[in-house]
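>>> Provide a 3D model corresponding to the input given below.
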Amino acid sequence: MALIQNLNKLFYRLLNMEPVKQSTITSKLSRDNHYIPIWYQRGFILPGENDYFYLDLLPKKIQLPNGKIKILNEVRKQYPKSCFFEKDLYTTSFLFFLNDEIEKKLFSNIDNNGSKAVKAVINNNFAELHHNFIKFFEYLDIQKYTMDLIYV
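Numbers count the residues shown, from 1 in each chain. The predicted structure follows:
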């Protein structure tokens with residue numbers, strides 16, 4: 001660990017940048033980045049359930065000995081945590097250092113604020129929507145931008 005700290009300080013000193021704090025190096029990186037937030041996915045789960053049916057648009061396929069193609073697990077039950085994410089979607093790297101500040105500092109705020117705004121719209125809570133009006137559109141904008149990145 002001391003080697004990583006020293007290399008980190010050296011690289012940042014060379015580039016005249018602030019060194020990354022020790023807590024950033026040792027804290028658990030958020031690498032499974034959801035482009036559809038878990039709180040939003042939970043809105044599609046039936047009451048009393050913890051998971052939902054997930055349609056895999058690119059399921060695994062195998063060729064059987066008789067030449068037919070069998071599609072595996074095209075539709076399956078999954079928990080929101082394991083749906084609609086990509087590994088390191090918002091993770092940046094510098095040399096061999098990974099950084100998840102985009103996820104933790106930018107998207108967590110947008111998702112938290114978006115959650116309040118979307119719930120206000122769903123519940124017709126106009127007073128709450130008034131306080132979160134701009135946040136609602138910020139959330140929608142970032143969702144569209146993220147989808148454009150994913151599906152281009």
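>>> C-alpha only now, for contacts and for neighbours.
Fine.
>>> residue 114: neighbour count?
Residue 114 has 25 neighbouring residues, counting by other Cα atoms under 10 Å.
>>> buried sites along the helix or strand containing it?
If you go by DSSP states H and E, residue 114 is part of helix 108-122. If you call a residue buried by 16 or more other Cα atoms under 10 Å, then helix 108-122 has these buried ones: 110-111, 113-120.
>>> and the contacts of it?
Contacts with helix 108-122, where a contact means Cα atoms under 8 Å, 6 or more residues apart in numbering, come from 37, 39-40, 126, 128-129, 132-133, 135-136, 138-140.
>>> need the buried ones from those selected in PyMOL.
Burial among the contacts of helix 108-122 is assessed by 16+ other Cα under 10 Å; the matching PyMOL selection reads:
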select buried, resi 37+128+129+132+133+135+136+138+139
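>>> ok, the contacts of helix 108-122 vs residue 48, which is closest?
Nearest to residue 48, judged by Cα to Cα, of the contacts of helix 108-122 is residue 39 at 15.9 Å.
>>> so residue 69 sits right up against residue 61, yeah?
Yes: with contacts counted by Cα atoms under 8 Å, residue 69 reaches residue 61, the gap being 6.5 Å.
>>> how about the residue most central in space within the chain: what's its closest non-neighbour residue?
Geometric centre of the chain, nearest residue: residue 34, 2.1 Å, by Cα atoms, centre = their mean. In space, and not counting its chain neighbours, residue 34 is closest to residue 85: 3.9 Å by Cα to Cα, 6 or more residues apart in numbering.
>>> most remote residue from the protein's center?
Outermost in the chain, Cα atoms, centre = their mean: residue 66 at 41.0 Å.
>>> just the CA trace of stretch 36-54, in PDB.
The C-alpha coordinates for stretch 36-54 follow below in PDB (Å, rounded to 0.1, in the frame of the first residue of the first chain):
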ATOM      1  CA  ILE A  36     -31.100   3.000 -14.900                       C
ATOM      2  CA  PRO A  37     -31.000   3.800 -11.200                       C
ATOM      3  CA  ILE A  38     -32.100   1.000  -8.800                       C
ATOM      4  CA  TRP A  39     -34.700   3.200  -7.200                       C
ATOM      5  CA  TYR A  40     -36.300   3.700 -10.600                       C
ATOM      6  CA  GLN A  41     -36.200   0.000 -11.400                       C
ATOM      7  CA  ARG A  42     -38.000  -0.800  -8.100                       C
ATOM      8  CA  GLY A  43     -41.000   1.100  -9.400                       C
ATOM      9  CA  PHE A  44     -41.600  -1.700 -11.800                       C
ATOM     10  CA  ILE A  45     -41.600  -4.500  -9.200                       C
ATOM     11  CA  LEU A  46     -45.000  -5.900  -8.200                       C
ATOM     12  CA  PRO A  47     -46.100  -5.400  -4.600                       C
ATOM     13  CA  GLY A  48     -44.600  -8.200  -2.300                       C
ATOM     14  CA  GLU A  49     -41.900  -9.100  -4.900                       C
ATOM     15  CA  ASN A  50     -38.200  -8.300  -4.800                       C
ATOM     16  CA  ASP A  51     -37.400  -9.000  -8.400                       C
ATOM     17  CA  TYR A  52     -38.900  -8.700 -11.800                       C
ATOM     18  CA  PHE A  53     -38.800 -10.400 -15.200                       C
ATOM     19  CA  TYR A  54     -35.900  -9.200 -17.300                       C
END
